[in-house]
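# Give me a 3D structure for the following:
(2 chains)
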There are 2 protein chains.
Amino acid sequence: MADKKKRRRAPNESDDEPDALQFKSKLKNDSTILQTLKTLKSDSAASSSAKTLALSDLNLSTACREVSDLPLSSVQSNIESLALTLAHSILAGNGFSFSVPSRAAANQLYVPELDRIVLKDKSSARPFANVSSVRKATITARIIQLIHQLSLKNIHVTKRDLFYTDVKLFQDQSQSDAILDDVSCILGCTRSSLNVVAAEKGVVVGRIIFSDNGDIIDCTKMGIGGKAIPPNIDRVGDMQSDALFILLVEKDAAYMRLAEDRFYNRFPCIIVTAKGQPDVATRLFLRKMKMELKLPVLALVDSDPYGLKILSVYGCGSKNMSYDSANLTTPDIKWLGVRPSDLDKYNIPEQCRLPMTEGDIKTGRDLLEEDFVKKNPGWVEELNIMVKSKQKAEIQALSSFGFQYLTEVYLPLKLQQKDWL
Amino acid sequence: MADKKKRRRAPNESDDEPDALQFKSKLKNDSTILQTLKTLKSDSAASSSAKTLALSDLNLSTACREVSDLPLSSVQSNIESLALTLAHSILAGNGFSFSVPSRAAANQLYVPELDRIVLKDKSSARPFANVSSVRKATITARIIQLIHQLSLKNIHVTKRDLFYTDVKLFQDQSQSDAILDDVSCILGCTRSSLNVVAAEKGVVVGRIIFSDNGDIIDCTKMGIGGKAIPPNIDRVGDMQSDALFILLVEKDAAYMRLAEDRFYNRFPCIIVTAKGQPDVATRLFLRKMKMELKLPVLALVDSDPYGLKILSVYGCGSKNMSYDSANLTTPDIKWLGVRPSDLDKYNIPEQCRLPMTEGDIKTGRDLLEEDFVKKNPGWVEELNIMVKSKQKAEIQALSSFGFQYLTEVYLPLKLQQKDWL
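Model prediction:
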């Protein structure tokens, strides 16, 4: 293999710093590393089949509410029953009112057993015959009517499309967006069940075959560009894979390096990125892969508070969609790198590290107070190193040892040493 | 076909406004529209084989400079000859100096015959033995050395990777980026020939088959998500298509609607979007499609100055990469919609139009002064309507007539009426 030859080449080759060589020499052969990964995969499969805890399994003192993925026919019938209830109420002379679950911060709860944020069960009434709520009640009724149309036609639209169907009523997209989330909670289903999707920006490449709207997609044959992650997760299915793990990458530059070097052929894996902040489509796709294929997920993010925050959104959910955390989050993501302790360990040159701003440091300190960080002592330790050293670094900083250092030395060594948290 | 049935349904159906029906009734059957498109395609193929004017064909009074796509071996040998010249100069006791083409605005020229911006031939010396240029000369030498490494290994990296290989010297990414553009001009080749690529964000779906790094990609079998456009255009090849045109879409929401409705099966076409501001990878891909397949390109953008600006970047190039306009621009893009005159013609409701801000109006007026707008009287007229009415609208505004109005009425009617400029 070409890779092995390179690892043994003379130390005076132009792009190799002495520091880089020091780590190359630690690398064992690929079969040893593959054995490590096989163990990781079987452990992960065992643990994911064992502890699929649901909210209902816990005897929580507070009642909690969750939405679930519903088939279109159930969304339809839920809407029709709701309409019937409202009609009865009107005919009985009581007018009509929606009971809307509260999505406010005070109604949110982090559940350590589930390792995600859920919604408590507080609701409020939204009566039509009330000056303060008549507008919201009208918008709610209109959104529900539009969702019913989508379910009849079985087509998908974006939030922006939804807004434009009745600009006069909605006035502003933030209003239709907020009430769309309310409608998810009212009907007890996920936003994707409503056929309202977010624009996709993620890509996937590597050892996975799946169907997208009936077309079979083989991601080992997607060149360097990879396959764009579909916006409609309900049309994705038939996942098959011989991968040993999923590599979740924060940035597209690192993704590109991995795709061009066909890293997934040397270490069988699936490589996925949302190109920065995770979007809903990528989060749903990652979760589906993890659940159906029972693969461990290893994350490669920048060594800064933002990287850890991105990790937490994949893992535990974002606060404004906590009602849907069960469907959007991927449990048990391992933090592979780039971790604050790696900067010294791998001798990242001083000039490739960036000083943290006041804002960065504050974000880092805030993260130390978050439940999902606290429950993982390794993460707390890393975050403490970051906040104390006041240094951050991007994944790209590894390029200072040569463009292919990431794929030829850093990642193989991390995998060999089981260096994830 | 399901579409035809829908078009004949009763006028009292909930999502059909009377205005929407008025246009549905104008639609002829698909075979008539397909005939129109076949004529468009053969006209386009004829004109593109006739007038492939190059800069060298014109007898311009000003000398101009252009870069071209070079194979890696030529990039290597260009660098090696340059190094040899510099070594000779040093050995002769003259030190060394780079001759760097100027990329300043004063050195740019719009060439109406080519319909794009090119660079004039002004150059300046960048001597090493001079306090004011020693730093830039050093960075130039280092970048050239790194590019030589890339060409030997035949791998691709991003600008960010390049920056991180020598942060101490470059200090700031803007410095290595600017000198990378200088190096393109010095070596007379495109940035993609240097194997430095931009992150991709475009997607493509529809009637095209091509190879990406050796993998054969059939874009009719890419589900709704489509295929991510590869960052490295030099690894894209073997394009085949039975499409009649390319539909260039500004936004991903409209792209998604077209992909889900499989618009390309009803009217054979290739649908492509960069999801907003065009990136280099999408521009290169569009140009390659246009050139190899000889297809007409129809553009669907928002009806605002920004939409027209995006069109102009695809068509005529951006000012800061004018040295590479020949390789990045796609000639003869037709403005299909949404055009300012469409707002009244299609009775877009008042509440779906947005008032233009002062900044929008200024941008619109500035565009009226641009050569690439002036040479197309139809565009000038449309832009005048926009600036006078002070109204803009997004593609999504068409959703006010129903979610599928774009694919079932608006676009088919536009195509039927040859309503492009």
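# and the stretch 251-400 of chain A, which residues reach chain B?
A:252-253, A:256-257, A:260-261, A:275, A:349, A:351-352, A:394, A:396-400 (Cβ under 8 Å from any Cβ of the partner chain). Every C-beta, even on glycine, is put in place using the N, C-alpha and C of the backbone.
# Show me which of those residues is closest to A:Leu91.
Among those, A:Lys275 lies closest to A:Leu91 (Cβ to Cβ), at 52.5 Å.
# right, and the closest one touches A:Val203 too?
Yes: A:Lys275 lies in contact with A:Val203 (Cβ atoms under 8 Å); the separation is 7.4 Å.
# what about the two, which has more around it?
The neighbour comparison of A:Lys275 against A:Val203 (other Cβ atoms under 10 Å in any protein chain shown) goes to A:Val203, with 29 against 19.
# Next one: the more buried one from chain B, what distance?
Distance of A:Val203 to chain B, computed by Cβ to the nearest Cβ, to the nearest Å: 5 Å.
# Which strand residues bridge A:Val111?
The partner list for A:Val111 in beta bridges (DSSP bridges) reads A:Arg116.
# er, A:Val157 I mean
A:Val196.
# circling back to that earlier point, overlap of the contact sets of A:Lys275 and A:Val203?
Counting by Cβ atoms under 8 Å, 6 or more residues apart in numbering or on different chains, the shared contacts of A:Lys275 and A:Val203 are A:Asp252, A:Tyr255.
# Can you tell me which of the residues of the stretch 251-400 of chain A next to chain B are buried?
A:252-253, A:256-257, A:260-261, A:275, A:349, A:352, A:394, A:396-400 (16 or more other Cβ atoms under 10 Å in any protein chain shown).
# what's the most distant pair in those?
For these, the farthest-apart pair by Cβ to Cβ is A:Lys275 and A:Pro349; their separation is 26.6 Å.
# any chance you could map the strands in the stretch 151-300 of chain A?
Counting by DSSP state E, counting those that start in this stretch, the stretch 151-300 of chain A has strands at residues A:157-158, A:196-197, A:203-206, A:209-212, A:215-218, A:227-228, A:236-240, A:245-249, A:269-273, A:297-300.
# And the contacts of the helix or strand hosting A:Pro412?
Assessed by DSSP states H and E, A:Pro412 sits inside helix A:411-416. Outside helix A:411-416, the residues within contact range by Cβ under 8 Å, 6+ apart are A:23, A:26-28, A:30, A:32-33, A:36-37, A:263, A:266-267, A:300, A:336-337, A:419-420.
# Give me the subset of those lying in strands.
Counting by DSSP state E, the part of the contacts of helix A:411-416 found in strands is A:Leu300, A:Leu336, A:Gly337.
# so the second one makes contact with A:Trp420?
Yes: using Cβ under 8 Å, A:Leu336 is in contact with A:Trp420, at 4.6 Å.
# Which one's more surrounded, those two?
Per other Cβ under 10 Å, whichever of A:Leu336 and A:Trp420 has more neighbours is A:Leu336, with 24 against 19.
# The residue nearest to the more buried one when sequence neighbours are not counted pairs with what?
Closest residue to A:Leu336 apart from its sequence neighbours, by Cβ to Cβ, 6 or more residues apart in numbering or on different chains: A:Leu298 at 4.2 Å. Per DSSP bridges, the residues bridged to A:Leu298 are A:Leu247, A:Lys334.
# I'd like the distance between A:Leu298 and chain B.
As for A:Leu298, its distance to chain B is 21 Å (criterion: Cβ to the nearest Cβ).
# how many neighbours does the nearest residue to A:Phe263 once chain neighbours are set aside have?
Distances taken as Cβ to Cβ, 6+ apart place A:Thr407 nearest to A:Phe263, at 5.1 Å, with adjacent residues excluded. Residues contacting A:Thr407 under the criterion other Cβ under 10 Å number 22.
# Enumerate every residue touching A:Ala254.
Contacts for A:Ala254 (Cβ under 8 Å, 6+ apart) come out as A:Thr273, A:Leu300, A:Ile395, A:Gln396, A:Leu406.
# tell me the most buried of the strands of the stretch 151-300 of chain A?
Across those, averaging neighbours per residue (mean count of other Cβ atoms under 10 Å in any protein chain shown) puts strand A:227-228 on top, at a mean of 29.
# List of residues touching the helix or strand where A:Ser341 lies?
Element membership for A:Ser341 (DSSP H and E) is helix A:340-345. Applying Cβ under 8 Å, 6+ apart, the contact partners of helix A:340-345 are A:Ser303, A:Ile348, A:Arg353, A:Glu381, A:Glu382, A:Leu383, A:Ile385, A:Met386, A:Ser389, A:Gln391, A:Ala393.
# A:Glu113: what's it in contact with?
A:Glu113 sits next to A:Leu53, A:Leu58 when contact means Cβ under 8 Å, 6+ apart.
# Next, it: phi, psi?
The phi and psi values for A:Glu113, taken as degrees, to the nearest 10, are phi -60, psi -30.
# The nearest residue to A:Leu308 once chain neighbours are set aside in helix, strand or coil?
Excluding its sequence neighbours, the residue lying closest to A:Leu308 (Cβ to Cβ, 6+ apart) is A:Leu367, at 5.9 Å. With DSSP: H, G, I helix; E, B strand; the rest coil as the basis, A:Leu367 sits in helix.
# Need the per-residue pLDDT for A:Leu367.
With respect to pLDDT, A:Leu367 scores 92.
# In the stretch 1-150 of chain A, mark out all the helices, start to finish.
A:2-7, A:18-24, A:30-50, A:72-91, A:134-153 (DSSP state H, counting those that start in this stretch).
# Now tabulate these in CSV and tack on distance to chain B and mean pLDDT.
Shown next, in CSV, are these (distance: least, Cβ to the nearest Cβ, whole Å; pLDDT from 0 to 100):
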stretch, distance to chain B, mean pLDDT
helix A:2-7, 10, 43
helix A:18-24, 12, 72
helix A:30-50, 20, 84
helix A:72-91, 14, 95
helix A:134-153, 6, 95
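# For stretch A:329-336, the averaged confidence score.
For stretch A:329-336, the mean per-residue pLDDT is 91.
# ditto for stretch A:234-253
What stretch A:234-253 shows for mean pLDDT is 93.
# And the residue of chain A most remote from its centre, how close does it get to chain B?
The centre of chain A is farthest from one residue, A:Gly93, which by Cα atoms, centre = their mean lies 46.9 Å away. Taking Cβ to the nearest Cβ as the measure, A:Gly93 falls 28 Å from chain B.
# Flag the shaky bits of chain A, pLDDT-wise.
For chain A, the stretches with pLDDT under 70 are A:1-20, A:48-52, A:199, A:320.
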